[in-house]
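> pasting the sequence and the predicted coordinates here, then a few questions.
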Amino acid sequence: MKSFEQELRRRIVINSFYAAGMGITVIVAFILKAFEWGRLDTLDSWDIGILAGLFSGSWISAALRVVRLRKALKNPEVLEALHIAAQDERNRMIALKTGRAAIRLFFLLLSLSAIVASLINQTVFLTIAATLVTLLLLYLLLSAYYSRKI
């Protein structure tokens, strides 16, 4: 159980850095966007909405995870339930099957959208194709990594 507590503390640190990093990234992006045009009135509501949505969404989700994990560390019953849920083979199998199905559907949707985009616009097609190739390479690299690790 001590190793699980250490894992939760590590997750708290990672989520805290994630929240801080996303906040800093969005603030820097906002400043760079403002200085790109030289004045703040050139920022339209779309830019501000995207930056605010990215910041608030990522920060709130990370902060909620930190709060939930800290509560689990303080309450032994919640900690035990979280440990059992993390070690449950059924939950792991569901997560693996869900991830596998999602990645396959994502490959299919990206492939179909690349075909449609090739008929409409070359830039959009190249963007989708680059995303598809990057995702495929990432999938193959992670598959090779985990097949050697297990």
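Here it is on my side, so go on.

> so which residues of this protein form helices?
For the chain, helices defined by DSSP state H occupy the ranges 2-37, 45-74, 76-87, 89-120, 122-149.

> how about the last one: buried residues?
Judged by neighbour count (16 or more other Cβ atoms under 10 Å), helix 122-149 contains these buried residues: 125, 128, 129, 132. From N, CA and C alone the C-beta is placed, and that goes for glycine too.

> number of nearby residues for residue 54?
Per other Cβ atoms under 10 Å, the neighbour tally for residue 54 reads 15.

> dump the helices of the chain to TSV, plus mean pLDDT.
Shown next, in TSV, are the helices of the chain (pLDDT from 0 to 100):
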stretch	mean pLDDT
helix 2-37	83
helix 45-74	83
helix 76-87	85
helix 89-120	92
helix 122-149	92
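
> which residue is nearest the centroid of the protein?
Closest residue to the average C-alpha location of the chain: residue 58 at 8.8 Å, with Cα atoms, centre = their mean.

> so how far is residue 51 from that one?
Residue 58 sits 11 Å away from residue 51, taking Cβ to Cβ, to the nearest Å as the criterion.

> now stretch 14-30: how far from the chain's centre is it?
The offset between the C-alpha centroid of stretch 14-30 and the centroid of the whole chain comes to 13 Å, using Cα atoms, centre = their mean, to the nearest Å.

> make residue 1 into 541 and carry on from there
Sure thing, new numbering starts at 541, so read that last one as stretch 554-570.

> what comes into contact with it?
583, 588, 591, 594, 595, 598, 599, 602, 603, 605, 606, 609 (Cβ atoms under 8 Å, 6 or more residues apart in numbering).

> I'd like the residues you listed laid out as a markdown table, including distance to residue 676.
Output for those, formatted as a markdown table (distance: Cβ to Cβ, whole Å):
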| residue | distance to residue 676 |
| --- | --- |
| 583 | 36 |
| 588 | 35 |
| 591 | 30 |
| 594 | 26 |
| 595 | 31 |
| 598 | 26 |
| 599 | 31 |
| 602 | 29 |
| 603 | 34 |
| 605 | 30 |
| 606 | 34 |
| 609 | 34 |
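
> from those residues, list the buried ones, please.
Buried residues within the contacts of stretch 554-570, defined by neighbour count using 16+ other Cβ under 10 Å: 591, 595, 598, 599, 602, 605, 606, 609.

> between those, which is nearest residue 643?
The shortest distance between residue 643 and any of these, using Cβ to Cβ, involves residue 598 and amounts to 22.1 Å.
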